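K.L.:
Quick check, what structure comes out for this input:
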Amino acid sequence: MKIKDTNLHYTLNVVARWVVGLVFLFSSFVKGVDPLGTVYKVQDYMSNWELFGMTFEWAHPMAGVLAVALICAEFIVGVMLIFNSFRVFTAWMLALMMLFFTVTTFVDATTNLVDDCGCFGDAIKLTNWQTFWKNVALDVPTAWILLTCRLRAKRRFERDCLVFMGALAVMLIFCIYNIKHEPVIDFRPWKIGNKMIDTELDAAPKSYVTYRNVQTGETMEFESAKLMDYMADSTWEQQWEWVSSRVEMPEIKAAGFSMMDMLMEDHAFDLILSEEGLVIITIHSLDKVDDKGVREVKLAQQLAAENGKQVVLLTSALPEEVQAWLYDNQVEGLDYLFADATAIKTMMRGNPGFMYIKDAVVVDKGRKAVELKMED
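P.N.:
Okay, here's the model as predicted:
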């Protein structure tokens, strides 16, 4: 299909390139700021998607390369759309990527094998259907870019090569930096300065009871602490009957987070609210902790003791694996609790990672124990 070269058609091409380009730049940036989050998402796809009954868990070691390649490709396409570089090549790259994204998110929406594609990292959470329709909306300007990619094309090979190489270098360096450190911009719940428990309830649970009026059928909920005032009425028991009760607790602002002991008792609430301060060492994969990581764990334990802070190891490993790891690495007297691996990765990307929390506020976090500021 040949599109006539008119000012209107070319203007629409410019608008389409800027709209899609800016979306691609934003999407790649929020993923590039936390490449390990994208790695975990790629691994989710490898574990949950099947082809002829076979999953792709064997490809987990490749997830890092694939994640960085995807982020860089998305950023490069976004930059080249804005700078109008390699117009035909960029248009076809965009079309192929949008085809891949649209098909993938349609499968996600209809099967829900992966509950969040991670297209905007942790910055913006979309449902699978929202993500699919977002891609469908982008398919419209993408089609126009492809149809009009040859309008007023100019040969600027050297300039376009510089744009391509510059975009690749910038995003590659950005990804590597954020892999070696915690994200420069943290979109996760455990961001420094965040208060992890809603203490509007004065950090104390409140219980409520619901009663039904036996004559009118009306139901009313009462706070348990004030119920005695109503029950002082001599006619109360004849007029009202108990229906149900509930307890309202302050919430930990990280869905599904827990810190379980071997008896399956959750200590997260009490520990996070610690007034003395708590150092949490997170390890989601014991077998991937190197000698430097072991030294950092011991250092964190030492620094916590010197500053009068409680310290706990939080891991997703089995109890016997934790005990064997502590013994083999001569880590003595370190308390440990258990959490889901995904919850641990959401807290800290490092393995091990270190976090200092006090009065439910994340005071500091880092990949190295020496980075934590434990002073009061």
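
K.L.:
pretty sure residue 355 is in a helix, no?
P.N.:
No. Applying DSSP: H, G, I helix; E, B strand; the rest coil, one finds residue 355 to be strand, outside a helix.

K.L.:
now it, which residues is it bridged with?
P.N.:
In this entry, residue 355 is beta-bridged to residue 280, residue 365, by DSSP bridges.

K.L.:
That one: neighbour count?
P.N.:
By other C-beta atoms under 10 Å, 23 other residues sit near residue 355. Bear in mind the C-beta positions are built from the backbone N, C-alpha and C, glycine included.

K.L.:
Distance check, it against residue 214.
P.N.:
From residue 355 across to residue 214, the span is 53 Å (C-beta to C-beta, to the nearest Å).

K.L.:
where does this protein dip in pLDDT?
P.N.:
1-2, 199-206, 247-250, 369-371, 375-376 (pLDDT under 70).

K.L.:
and it, what are its domains?
P.N.:
Following automatic domain parsing, one finds the domains of the chain at 7-180, 206-248, 268-371.

K.L.:
could the ones you listed be laid out in TSV, adding distance to residue 261?
P.N.:
Output for the domains of the chain, formatted as TSV (distance: least, C-beta to C-beta, whole Å):
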stretch	distance to residue 261
domain 7-180	26
domain 206-248	22
domain 268-371	6
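
K.L.:
Pick out the residue nearest the middle of the protein.
P.N.:
With distances taken as C-alpha atoms, centre = their mean, residue 122 lies nearest the centre of the chain, 4.4 Å away.

K.L.:
Leaving out chain neighbours, which residue sits closest to it?
P.N.:
Excluding its sequence neighbours, the residue lying closest to residue 122 (C-beta to C-beta, 6 or more residues apart in numbering) is residue 187, at 3.9 Å.

K.L.:
in the sheet, who's paired with residue 337?
P.N.:
Where residue 337 sits in a bridge, its partners, by DSSP bridges, are residue 314.

K.L.:
Hmm, it is touching residue 263, no?
P.N.:
No. Applying C-beta atoms under 8 Å as the test, residue 337 and residue 263 come out as separate, 11.1 Å apart.

K.L.:
who has more neighbours, the two?
P.N.:
residue 337 (20 against 5).

K.L.:
how close does the more buried one sit to residue 213?
P.N.:
Distance from residue 337 to residue 213, by C-beta to C-beta: 46 Å.

K.L.:
neighbours around residue 262, how many?
P.N.:
Residue 262: 10 surrounding residues under other C-beta under 10 Å.

K.L.:
Could you look up the SS state of it?
P.N.:
Look at residue 262: counting by three-state DSSP, its state is coil.

K.L.:
from now on call the first residue 57
P.N.:
Okay, residue one is now 57; in that scheme the one you just asked about reads as residue 318.

K.L.:
can you pull the contacts of it?
P.N.:
Going by C-beta atoms under 8 Å, 6 or more residues apart in numbering, residue 318 touches 375, 394.
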